[in-house]
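S.K.: Kindly generate the corresponding structure for this input.
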Amino acid sequence: MKITAIGADISNNDTSCSKNLIKKLENNIPHLIDLGAINAALTNITGDDVVISAFVEDDHLKMINQAIVDILKENSEDIGDVGGISSTAEGAGEGISYAEANIRQDRFPDALIMAFDTYGGESFVGDVANSAIKAARGMDGVTDISTEILPGVKKIPGVGYVSDQTDDPVVVATLEDLESVGVVAGAMLGAALGNKNVYLVKRGAPSYIIPGSVIVSLTAFMNGNMMDLAVPFEERTRILNL
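M.R.: Numbers count the residues shown, from 1 in each chain. This next block holds a predicted model:
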């Protein structure tokens, strides 16, 4: 079993996603269940980027990936990132973001999804995402983590090819148990925010940031239930005046 997560900018502006776009995407999520996804959700809304994630059996991965892309295409306000997908490596352009990770068969499907958004395609966003990946790799309680953001064309199973011009990466990590959620999420978030000009935002918040910055959202997707972790981390990191 795997988690698959596909992110794209299909908004008609550069800072936010309209309520209408979000509603249309959420209304199409049940189609993924009909096609065989174990669970699926619009997990992250980060500035003008959205991420659809799904828990799938390995033999359904290609079909569900293509179905997610179809949903993004059919509901896009601006073809944006979806237009960069190519059937050949040579034709690949700036396209969708992709991440996947394995889930052990004897575990409930629990995962963390991080999504990033830039205003001007800030080049250091890949380093920020890789910081989070490296922080989670090898931690107790982590089953698997998506691959690092590397130069070169990327092949997305069931979809096609995108180039390394894609500038709003997605990171996923799968977990062994619920008790690992806070520990692993804290490590990943701390690593990302330790980079310059990186800010945590709540799901659906517009990217009202000074250009030259990166925003990140962090979602827990636990056996089909979704939680925006920006909310509890905002509370946990308040400085207490004792």
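S.K.: Any idea how many residues pack against Thr118?
M.R.: 24 (other Cβ atoms under 10 Å). In short, each C-beta sits where N, CA and C put it, glycine included.
S.K.: Equivalent analysis for Asn195, please.
M.R.: Asn195 has 17 nearby residues by other Cβ under 10 Å.
S.K.: so it makes contact with Phe124?
M.R.: Yes: proximity of Asn195 to Phe124 meets the contact threshold set by Cβ atoms under 8 Å, at 6.9 Å.
S.K.: Give the residues shared as contacts by these two.
M.R.: Common contact partners of Asn195 and Phe124 (Cβ atoms under 8 Å, 6 or more residues apart in numbering): Val214.
S.K.: Would you confirm that Val159 contacts Ile85?
M.R.: Yes: in this structure, Val159 is within contact of Ile85 by Cβ under 8 Å, at 6.1 Å.
S.K.: Which neighbours do those two have in common?
M.R.: Joint contacts of Val159 and Ile85 (Cβ under 8 Å, 6+ apart) are 69, 96.
S.K.: end to end, how far does stretch 80-90 reach?
M.R.: Across stretch 80-90, the terminal residues are separated by 19 Å (Cα to Cα, to the nearest Å).
S.K.: who touches it?
M.R.: The contact list for stretch 80-90 (Cβ under 8 Å, 6+ apart) reads 7-11, 69, 72-73, 76, 92-97, 153, 155-156, 159-163, 165-166, 168.
S.K.: now do 6 Å
M.R.: Residues outside stretch 80-90 that contact it (Cβ atoms under 6 Å, 6 or more residues apart in numbering) are 8-10, 72-73, 92-96, 153, 160-162.
S.K.: Any of the residues you listed buried? List them.
M.R.: 8-10, 72, 92, 94-96, 153, 160-162 (16 or more other Cβ atoms under 10 Å).
S.K.: I'd like these written out as JSON lines, with secondary structure and distance to Ser207 added.
M.R.: Listed next are the buried ones among the contacts of stretch 80-90 as JSON lines, based on DSSP: H, G, I helix; E, B strand; the rest coil; distance: Cβ to Cβ, whole Å:
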{"residue": "Ala8", "secondary structure": "strand", "distance to Ser207": "15"}
{"residue": "Asp9", "secondary structure": "coil", "distance to Ser207": "11"}
{"residue": "Ile10", "secondary structure": "coil", "distance to Ser207": "15"}
{"residue": "Leu72", "secondary structure": "helix", "distance to Ser207": "19"}
{"residue": "Ala92", "secondary structure": "coil", "distance to Ser207": "26"}
{"residue": "Glu94", "secondary structure": "coil", "distance to Ser207": "18"}
{"residue": "Gly95", "secondary structure": "coil", "distance to Ser207": "20"}
{"residue": "Ile96", "secondary structure": "coil", "distance to Ser207": "18"}
{"residue": "Val153", "secondary structure": "coil", "distance to Ser207": "27"}
{"residue": "Gly160", "secondary structure": "strand", "distance to Ser207": "27"}
{"residue": "Tyr161", "secondary structure": "strand", "distance to Ser207": "27"}
{"residue": "Val162", "secondary structure": "strand", "distance to Ser207": "22"}
